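S.K.: what would the 3D arrangement of this be:
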Amino acid sequence: MELAIYIVDAFTKQQFKGNSAAVVPLTQWLAPEVMQSIAAENNLSETAFVRALSANQYEIRWFSPLTEIDFCGHATLAASYVIFNHLGGQGEIEFVTREVGSLFVKQHSDGRIEMSFPNQCPDVVEQVPDALLAGLSVKPIQVLKNRQAYFAIMATEHDVKSLSYVSEQLKQLAPFDVVVTAKASASANEYDFISRYFWPANGGDEDPVTGSIHAGLAPYWAKQLTRDELVAYQASARGGVLYCSLRDDRVLVSGFAVLYLKGTAYV
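M.R.: Okay, the predicted model is just below:
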């Protein structure tokens, strides 16, 4: 069996920055164990499998090298890039998902791709897990949680950028991941807030750029900063920029993408 495969760097205009995702268009779903094996072989944060239902409606599933994932933003951006730029997609795309409902995507004239996510604003955690505190070298000033991750709010941008983490401790928080975040420093005028994302229980140690978690980060920081239009920076080694907006019960997360590879997988 021959399968088309694309590798796209998401949330960046530069190759080798942002977060890489593989995209595999299908006509029918493969067996889950086969899709998992393909994702493990790709060894990227995620591999997105997409199946067309109609001209502008697709099913999408995401697999990390370890497991199937409920929700992945950067691989959705990568899949959208492939559909718009290589598969003839136009207008608004609807992705049907198994866990988070429908995701709506459109491409602006400048190439930026905008995704509409459900609002997943986190709630304050009263009892902070010991493993979270032991797993981060800097103590957060507050901890929140949504369906995806614990949110460790840090006092400064420097705390986010400089902290170290202990994967074995954070792995004990499964099925939840961990995002650390802070308001951007006054000198970083181009960004409103920054973050880093750790997911040893579900995929790897530090994720380069995590679109899905901004469905929780954006509404949190919108409340703190009293504005509905935000620019975020994920401060991993590769780095990535995300543009966020709040619209009623939706969070719009957008960014650029660039193709790295187009090829054929022989399965």
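
S.K.: burial count for T27?
M.R.: Look at T27: counted by other Cβ atoms under 10 Å, it has 6 neighbours. To be clear about C-beta, it is placed using only N, CA and C from the backbone, and glycine gets the same treatment.

S.K.: for it, give me its contacts.
M.R.: By Cβ atoms under 8 Å, 6 or more residues apart in numbering, the residues touching T27 are 51-52.

S.K.: when you give positions from now on, start the count at 43
M.R.: With 43 as the first residue, the last one maps to T69.

S.K.: show the model's pLDDT score for it.
M.R.: You'll see T69 listed with a pLDDT of 96.

S.K.: which residues of the chain score low on pLDDT?
M.R.: Counting by pLDDT under 70, the chain shows low-confidence ranges at 230.

S.K.: what packs against the longest helix along it?
M.R.: The longest helix of the chain (DSSP state H) is helix 115-128. Applying 3 or more Cβ pairs under 8 Å, 6 or more residues apart in numbering; DSSP states H and E, we find helix 115-128 packed against strand 44-52, strand 61-68, strand 88-94, strand 99-105, strand 135-138, strand 144-149, strand 155-160, strand 299-308.

S.K.: kindly reformat the ones you listed as a markdown table containing mean neighbour count and distance to T223.
M.R.: Listed next are the helices and strands packed on helix 115-128 as a markdown table, based on neighbours: other Cβ atoms under 10 Å; distance: least, Cβ to Cβ, whole Å:
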| stretch | mean neighbour count | distance to T223 |
| --- | --- | --- |
| strand 44-52 | 21 | 19 |
| strand 61-68 | 25 | 17 |
| strand 88-94 | 24 | 21 |
| strand 99-105 | 23 | 22 |
| strand 135-138 | 19 | 26 |
| strand 144-149 | 19 | 23 |
| strand 155-160 | 21 | 17 |
| strand 299-308 | 14 | 23 |
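
S.K.: so which of the ones you listed gets nearest G246?
M.R.: With Cβ to Cβ as the measure, strand 88-94 is the member of the helices and strands packed on helix 115-128 nearest G246 (10.2 Å).
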